[in-house]
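J.: My questions are about this predicted structure, shown below with the sequence.
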Amino acid sequence: MLELRNVTKTFNLTGNKEDLRVALDHVNLQIESGEFVTIIGSNGSGKSTTMNILTGVLKPDSGQVLLNNVDITKMDEHQRAAYFGHVFQDPMMGTCGEMSVIENLEIAYRRGRKHSPFLWGFRKSHKKEFIRELKRFDLGLEDRLNQKVGVMSGGQRQALTLLMATMRNKPTHKTVKKDYITFCEKDHEVARKEFESVYKPALAEYKANKSSIRKDKSLSFKEKREAQAKAYDEFDKKIRQFDLTKQILLLDEHTAALDPKTAKKVLELTDKIVKENQMTTLMITHNMKDALTYGNRLIMFHTGHIIFDVRGEEKAKLTVEDLLKKFDEADKKAIEM
């Protein structure tokens, strides 16, 4: 679960009291795991500020940011990168133009992980996976792996950014253990013992199976490799049940700068990726139709407050006209105040 608890953020570029702007005013928001939330609101209502506080780009003046009930308010942006994927409105912001497609993808694949400078560059073992994922966009990017991103169109760069934001290398078992102890709602020592009660016997079983397969003279070399891979997958599956840090996807008007045809394709693929991976997703949009079509929950911001929050069947019954009325009502209240 992702939560903002009593969060306030103000901006004052000049230092003068009259120039003080409240971007978020004691905002409380809970996002359940797997929810796809569309966020609407007028310019300056606090939508993008919320995104930036979640990712650590901005720190709140007061309040807390919690992930699975663990306070991550003081966690730096680069540390949160392991848990958040962020796609911006500007297609140029999510990629490095001086690097090739495959180099950008490799960086995204290792996001939030420590890696040796001696192992820099891309791994051939990842190339097939990159090609398979790029083919889903139907933009021909799989044939341009070595091309510099800077010469690509905005739509192609945004599609690549979306893939990079949703791509995550599987965390090591050591990382799974560390994150489980940190983020689960149990006492740390209890969580550690619970993890090890599964990990140690599973590891012993895997090692025994691996040794048995290696000694089996009835199997060919290829059959041994396949059997060992299957044994490892079974062992790995037992450990993955403790992985609590599924990627959270933040989309900040990610189709606003695209042509209608490309925008539609990117949105459809976004929806498909989110559903396949059961990703917790927040999507800012100014397109009311898209806000109603996608996601299972809708939130409306106005002057730093959440003034409308609806989900499920209630959201499904809404029309564009209903949302426009909400905007008019919010503007009238603001004028009266």
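T.: Looks like it arrived, so ask away. Please read all numbers here as calculations on a predicted model, not as lab measurements. Numbering: from 1, shown residues only.
J.: Show me how the record splits the chain into domains.
T.: 101-166, 173-240 (automatic domain parsing).
J.: just flag whichever of those domains has the lowest average confidence.
T.: With a mean of 77, domain 101-166 has the lowest mean pLDDT of the domains of the chain.
J.: Strands of this structure, start to end?
T.: According to DSSP state E, the chain carries its strands in the segments 2-11, 21-31, 36-41, 62-67, 70-71, 84-87, 248-252, 280-284, 297-302, 305-311.
J.: so which of these gets nearest residue 328?
T.: For residue 328, the closest of the strands of the chain is strand 297-302, at 11.4 Å, according to Cβ to Cβ. Every residue, glycine included, has its C-beta placed from N, CA and C.
J.: contacts for that closest one?
T.: Strand 297-302 is contacted by residues 29, 35-42, 45-47, 50, 291-292, 306-312, 315, 318, 323, 326, 330, 334 when judged by Cβ atoms under 8 Å, 6 or more residues apart in numbering.
J.: Buried among the residues you listed? Need that as a selection in PyMOL.
T.: Entered in PyMOL, the line below selects the buried ones among the contacts of strand 297-302, by 16 or more other Cβ atoms under 10 Å:
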select buried, resi 29+35+36+37+38+39+40+41+42+45+46+47+50+291+292+306+308+310+311+315+318+323+326+330
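J.: Determine which of the strands of the chain approaches residue 108 most closely.
T.: Distance to residue 108, taken as Cβ to Cβ, is lowest for strand 84-87 among the strands of the chain, at 8.3 Å.
J.: Pull the residues that contact that closest one.
T.: Under Cβ under 8 Å, 6+ apart, the answer for strand 84-87 is 51, 54-55, 94, 158, 161-162, 164-168, 247-252, 254.
J.: List the buried residues in that strand.
T.: So strand 84-87, judged by 16+ other Cβ under 10 Å, has buried residues 84, 85, 86, 87.
J.: ok, now stretch 207-226?
T.: 209, 210, 213.
J.: any chance you could map the helices in the protein?
T.: 47-55, 77-80, 101-109, 124-135, 154-166, 173-183, 188-215, 221-240, 260-277, 288-293, 312-316, 320-336 (DSSP state H).
J.: So which residues make contact with stretch 236-245?
T.: Outside stretch 236-245, the residues touching it (Cβ under 8 Å, 6+ apart) are 68, 82-83, 170-171, 173, 176-177, 179-180, 183-184, 195, 198-199, 202.
J.: quick one: contacts for the closest residue to residue 279 other than its chain neighbours?
T.: Nearest residue to residue 279 in three dimensions, chain neighbours excluded: residue 249, at 5.0 Å (Cβ to Cβ, 6 or more residues apart in numbering). Residue 249 makes contact with 84, 85, 87, 165, 166, 274, 279, 280, 281, 282, according to Cβ under 8 Å, 6+ apart.
J.: Local confidence estimate at residue 249?
T.: pLDDT, residue 249: 91.
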